[in-house]
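S.K.: below is the sequence, then the predicted model.
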Amino acid sequence: MAEVAAGAGAGTAAGAPEAIRHAGPDPVVHVAGAREIADDLVVVPDRGVQLVPNIGIIGGRDAVLVVETGLGPRNAERVLEFAADHARGRRIYLTTTHFHPEHAFGAQAFTGAATFLANRDLAADLETKGPGYLEMFRRLGESVARHLEGVRPVRPDIVYDRSYDLDLGGRTVRLRATGRAHSRGDQVIEVPDADVLFTGDLVEAGRFAVFPWFPPHDTDVSGTRWLAVVERLAARRPRTVVPGHGGIGGPRLLTDARDYLAELRYETWVRRDSAADGQTIADEIADLMIRRHPEWAGREWIGKGVGCLCAEHDAQMHDARARDGQTQDGHARDEPAPGSPS
């Protein structure tokens with residue numbers, strides 16, 4: 001979701017954060033660029049175009065799984081046509097890594113042609129947050145609005161809690177909800193026999209992590225939990241990593257994402273401990289991170305990450321003070337009201 005406003009302020013009537021205009025190329029999925037990265041495992045790359053995700057088609061003897069839809073029904077129709085041609089009569093399944101529009105807002109094109117699977121939190125995000133994000137993205141610009149014409153919500157056919165093992169016939173694909181990180185309903189898709197991992201926007205190649213931090217409208221992103229998720233993924237060292245956006249790579253993509261999130265948390269919390277104000281912290285850290293990663297895109301998201309981590313730092317400090325206000329036997333200690341004698 002690279003084109004959502006990093007500086008969003010007041011919301012819309014539907015509770016969505018404000019957006020800026022999309023100035024990039026038309027976000028069209030071009031299936032002609034598809035490449036096979038393992039046996040019967042194809043990726044349609046994003047070609048570096050914003051609001052186009054990397055899309056996967058994972059095949060087994062009896063079925064294929066499509067990962068991500070592209071932005072809107074027309075892109076999804078291209079993806080479905082390509083997947084059906086690749087499937088050659090095999091059953092088709094669909095899943096997405098999270099609910100954001102370029103990843104999931106084409107699911108209606110698959111209705112009747114595929115079985116749609118999602119974890120419970122992802123399904124809830126689609127239902128409760130989908131309308132607000134649809135409104136926000138429509139205001140990004142004419143080309144984006146055109147792709148989102150006629151979008152309607154689609155309920156997944158199969159909803160699971162934390163994990164689902166999908167047997168494609170001779171190949172099992174693991175769908176694993178990560179818990180709250182980039183969004184509440186994030187999940188990764190693992191292809192164990194090929195040692196391939198689809199991360200969604202938990203990892204983006206050559207880009208600062210996108211924090212959809214839009215208080216009070218959307219504060220589900222968690223920098224601390226996101227870091228913990230990526231630490232676990234990096235420890236597995238999969239051979240091939242397909243990020244949500246950007247070039248396909250190896251385990252280095254995971255360690256880069258991990259290290260950046262750790263740097264961002266450390267630099268933010270050190271400054272927050274010194275009682276610096278949020279804007280000063282954001283400005284200092286943006287300058288620091290750009291100097292450390294001058295080639296990365298998405299600089300506008302650094303400040304959003306700082307805002308999220310400042311809030312998490314403050315919440316932890318509040319919890320720590322609350323714990324300090326307990327006596328050893330667990331009963332709250334009476335404290336004087338502000339301004340009263342102790």
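M.R.: Right, received. Where do you want to start?
S.K.: number of nearby residues for residue 217?
M.R.: Neighbourhood size, residue 217 [other CB atoms under 10 Å]: 20. No exception for glycine: its C-beta is placed from N, CA and C like everyone else's.
S.K.: strands of the stretch 201-342 of the chain, start to end?
M.R.: 240-245 (DSSP state E, counting those that start in this stretch).
S.K.: so who does the residue nearest in space to the middle of the chain touch?
M.R.: Centroid check for the chain by CA atoms, centre = their mean gives residue 201 as the closest residue, at 3.6 Å. Neighbouring residues of residue 201 by CB atoms under 8 Å, 6 or more residues apart in numbering: 1, 97, 98, 100, 103, 182, 183, 186, 210, 243, 244, 245.
S.K.: got CSV for those, with distance to residue 154 too?
M.R.: Formatted as CSV, those follow (distance: CB to CB, whole Å):
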residue, distance to residue 154
1, 19
97, 16
98, 15
100, 15
103, 13
182, 21
183, 17
186, 19
210, 24
243, 25
244, 20
245, 23
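S.K.: redo these as JSON lines? Include pLDDT.
M.R.: As requested, the contacts of residue 201 are exported to JSON lines (pLDDT from 0 to 100):
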{"residue": "1", "pLDDT": "66"}
{"residue": "97", "pLDDT": "98"}
{"residue": "98", "pLDDT": "98"}
{"residue": "100", "pLDDT": "98"}
{"residue": "103", "pLDDT": "98"}
{"residue": "182", "pLDDT": "98"}
{"residue": "183", "pLDDT": "98"}
{"residue": "186", "pLDDT": "98"}
{"residue": "210", "pLDDT": "97"}
{"residue": "243", "pLDDT": "98"}
{"residue": "244", "pLDDT": "98"}
{"residue": "245", "pLDDT": "98"}
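S.K.: narrow the residues you listed to those in helices?
M.R.: Secondary structure from DSSP state H places residue 103 of the contacts of residue 201 in helices.
S.K.: closest to residue 78 among the contacts of residue 201?
M.R.: Of all the contacts of residue 201, residue 78 sits closest to residue 103, with 15.2 Å by CB to CB.
S.K.: any idea how far residue 239 is from the closest one?
M.R.: 23 Å (CB to CB, to the nearest Å).
S.K.: so the two - more neighbours on which side?
M.R.: residue 103 (27 against 12).
S.K.: and the more buried one, how close does it get to residue 94?
M.R.: In terms of CB to CB, residue 103 sits 11 Å off from residue 94.
S.K.: and what of residue 47?
M.R.: 22 Å.
S.K.: comparing the two, which residue is more hemmed in?
M.R.: Higher neighbour count among residue 47 and residue 94: residue 94, with 29 against 12, using other CB under 10 Å.
S.K.: now do the contacts for that one.
M.R.: 65, 66, 69, 107, 110, 114, 115, 116, 117.
S.K.: which helix or strand contains the third one?
M.R.: Translated: residue 69. Of the helices and strands defined by DSSP states H and E, none includes residue 69.
S.K.: the second one too?
M.R.: Residue 66 is part of strand 63-67, with elements assigned from DSSP H and E.
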